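[1] Here you go, sequence then predicted model.
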Amino acid sequence: MDDWEEEGTASSAPVSSYTPNEGAFSGTQTDMLKGDGGEFGSDGNSWNSDGNRGGFSGRGSRGRGRGFGRMDQSEFSGGNNGMCENGFRGRGRGGRGGRGGFRQGGDHGEGGSFGGGYRGKDEDFFAQGEDKGPSKDPTAGDRPKVTYIPPTLSEDEGSIFSHYETGINFDKYDEILVDVSGTNPPRAILTFDEAALCQSLKNNVAKSGYLKPTPVQKHGIPIIAAGRDLMACAQTGSGKTAAFLLPILQQLMADGVAASRFSEIQEPEAVIVAPTRELINQIFLEARKFSYGTCVRPVVVYGGVSTGYQIREISRGCNIVCGTPGRLLDMIGRGKVALNKLRYLVLDEADRMLDMGFEPDMRRLVGSPGMPSKENRQTLMFSATYPADIQRLAADFLKTDYLFLAVGIVGGACSDVEQTFVQVTKFSKREQLLDLLRTTGTERTMVFVETKRQADFIATLLCQEKIPTTSIHGDREQREREQALADFRSGKCPILVATSVAARGLDIPDVQHVVNFDLPNNVDEYVHRIGRTGRCGNTGRAVSFYDPEHDDQLARSLVTILSKAQQEVPSWLEESAFSAHGTSSFVPQRKSFASTDSRQGPHLGSSQDNGTNVQLAAPNAADEEEWE
Ligand SMILES: Nc1ncnc2c1ncn2[C@@H]1O[C@H](COP(=O)(O)OP(=O)(O)OP(=O)(O)O)[C@@H](O)[C@H]1O
């Protein structure tokens, strides 16, 4: 990960990028979706109607926008009249610094004392014990400054509490087996009333449309309220965020937390970390929602956004800081966030936060000046997947008597997602994707690909076929990433092509469909990706393109995942699983439940099954992304 730190975020992205907010689709979306003549969704051929391709203008000496398969580069450099107008811009490292708009010095000189030797991934460099402002970083050169300031959030209650409905399978959550291991776990609650929330929190829970707690909330809330450390595992989309936010907020309220007020140094009571900018922002919005009308003030910090802006936000008061690790450490290093009063440390997507990519940052965080020892803070970890080796590592951060909460199968796929596999060759994938999207029409669909370049390429392809598409990946500017998500959320672009940067945690209403155009290289990643659909009791579908030439190392783990989720396993996949490892002893498991606290011996969770997934803590393709 560290090799991939973002260089100025905003303008140094090395590959071509897709800019819907710069005209890629603007002005043409409605027409396309209105489908006069049934352009979208009704008639596959109509997607192919006259090209209007273009909008690729190479910039910089190493723009990687070239050589997109069968596309002729000339297709990207001309005619700007159609839907892909200005859609892609090849950007090269050679062009870095040439965009004066990012060179304002507004964020310089904010540095405070720093004791960790941390190199902020976005802009800044620090050295042990001295304040080296960004401008003094010898390697920074003329690296452009990040000046992006996200749009002001609406104060309107309707938008703060907007939510989608729970689905038909919401009540089935109650049937999922739950296992809590560790000593003296507190009793689960059955209702939000039993959580003894203060009136403001009760109101906010009701306004959020929460009628009853999900299993991870029923067990997690009392565990956290009892002051215990927790490692919690529950399937994607089953309410883990509220499971940690509500008890933390309740405790802060009950203890009469000081109302936040202006100070250059803030001492938050809680720190929440997550691996991607979009996810941490989402968690922040949830924290803002649940703390509405209280004196608790959450703040969010993440890369790609003006540091000066975030410092100002922090200084206005900060009880809960939500951050991606790099920017959070940066703020700590600058002396803007002090950890002396910290009571709660939350790692969302904890297995990701502790894998090779982020573990060093997590160790820096817990080793930061002022950070209470693990005995003197409450540490809470949440994820849908927990490889056993990561669990063992996680124990370093937790008190020895932490509780392990397993809702259903650790590492199991969400059972509300119908999983389908299609055998493909690498040459047939594109046509198959087009065929698929022609049948799904305007259904909101996330298409996962392996690389940033591939994301651009597929987005271009779909765009050329007049399928309203946007994309998100680590080489897009933050403004573009946020615009892409907004366009996807609103349905303006119902297709989102994404790298694994969007695989975890994102809670987007009405995603009916996930397509794995490229399968990931480990099965936990697969579980998270398909979990973008089928959330909160709703049903969803996932279609994965399986290329036997490329994906056979995943076959066994996939068979296990499918079996455990009571899904049909294609016979060719089962055969592939057998032959991939040359053994006849492979028997797919059909367990409905497995307790998988690594303290209790052999781990039965997804990642360890059959010992086939050897990439647990290894970086996956997404580690090439700038995540945070
Ligand atoms: N008790 C509840 N009643 C109704 N809706 C709920 C409840 N708890 C959570 N939700 C909603 O369910 C959705 C999924 O919740 P959340 O994002 O916390 O899932 P998650 O378990 O963290 O998923 P992931 O593993 O993908 O991160 C959110 O829209 C959330 O507001």
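    Happy to help now that I have it.
[2] Pull the number of nearby residues for the residue lying closest to Arg392 once chain neighbours are set aside.
    Residue nearest to Arg392 in three dimensions, not counting chain neighbours: Ser598, with 5.6 Å by C-beta to C-beta, 6 or more residues apart in numbering. C-beta coordinates here come from the backbone N, C-alpha and C atoms, glycine included. The tally of other residues near Ser598 (other C-beta atoms under 10 Å) stands at 23.
[3] Now do Ser598 against the ligand, distance only.
    Ser598 sits 20 Å away from the ligand, going by C-beta to the nearest ligand atom, to the nearest Å.
[4] before we move on, what about Gln423?
    For Gln423, the distance to the ligand (C-beta to the nearest ligand atom) stands at 28 Å.
[5] what does the stretch 351-500 of the chain have sitting close to the ligand?
    Residues of the stretch 351-500 of the chain that fall close to the ligand, judged by C-beta under 6 Å from any ligand atom: Ala384.
[6] how about the strands in the stretch 351-500 of the chain?
    Under the criterion DSSP state E, counting those that start in this stretch, the stretch 351-500 of the chain contains strands at 378-383, 403-407, 417-423, 444-448, 469-472, 495-498.
[7] Quick check: which of those is buried the most?
    Most buried of those, by mean neighbour count (mean count of other C-beta atoms under 10 Å): strand 469-472, with a mean of 31.
[8] and the strands of the stretch 351-500 of the chain as JSON lines, adding mean pLDDT?
    Converted to JSON lines, the strands of the stretch 351-500 of the chain look like this (pLDDT from 0 to 100):
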{"stretch": "strand 378-383", "mean pLDDT": "98"}
{"stretch": "strand 403-407", "mean pLDDT": "97"}
{"stretch": "strand 417-423", "mean pLDDT": "97"}
{"stretch": "strand 444-448", "mean pLDDT": "98"}
{"stretch": "strand 469-472", "mean pLDDT": "98"}
{"stretch": "strand 495-498", "mean pLDDT": "98"}
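[9] mind putting these in JSON lines, distance to Gln391 included?
    Formatted as JSON lines, those follow (distance: least, C-beta to C-beta, whole Å):
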{"stretch": "strand 378-383", "distance to Gln391": "9"}
{"stretch": "strand 403-407", "distance to Gln391": "8"}
{"stretch": "strand 417-423", "distance to Gln391": "24"}
{"stretch": "strand 444-448", "distance to Gln391": "26"}
{"stretch": "strand 469-472", "distance to Gln391": "30"}
{"stretch": "strand 495-498", "distance to Gln391": "28"}
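[10] can you tell me which of these comes nearest to Gln566?
    Nearest to Gln566 among those is strand 417-423 (10.3 Å), distances taken as C-beta to C-beta.
[11] So what's the residue count around Arg297?
    Arg297: 22 neighbours (other C-beta under 10 Å).
[12] Over to the one 10 residues further on?
    Other residues near Thr307 come to 27 when the count uses other C-beta under 10 Å.
[13] and if you look at Asp475?
    Asp475: 28 neighbours (other C-beta under 10 Å).
[14] repeat for Val305
    25.
[15] Excluding chain neighbours, give the residue nearest to it in space.
    Excluding its sequence neighbours, the residue lying closest to Val305 (C-beta to C-beta, 6+ apart) is Tyr148, at 5.4 Å.
[16] what's the spacing between the one you found and Tyr309?
    8 Å (C-beta to C-beta, to the nearest Å).
[17] same deal with Asp348?
    Separation of Asp348 from Tyr309 (C-beta to C-beta) stands at 23 Å.
[18] Pick out whichever of these two has more residues nearby.
    Neighbour totals were compared for Asp348 and Tyr309, and Asp348 leads with 24 against 17 (other C-beta under 10 Å).
[19] Tell me the residues on the stretch 101-250 of the chain that lie near the ligand, please.
    So far as C-beta under 6 Å from any ligand atom goes, the stretch 101-250 of the chain lies against the ligand at 163, 166, 209-210, 213-214, 217, 234, 236-242.
[20] For the residue nearest to Phe161 when sequence neighbours are not counted, give me the pLDDT.
    Distances taken as C-beta to C-beta, 6+ apart place Lys207 nearest to Phe161, at 4.4 Å, with adjacent residues excluded. In this model, Lys207 is scored at 98, pLDDT.
[21] If we ignore the residues flanking it in sequence, what's nearest Ala395?
    For Ala395, ignoring the flanking residues on the chain, the nearest one in space by C-beta to C-beta, 6+ apart is Tyr402 at 7.5 Å.
[22] surely the one you found meets Gln391?
    No: with contacts counted by C-beta atoms under 8 Å, Tyr402 stays clear of Gln391, the gap being 10.3 Å.
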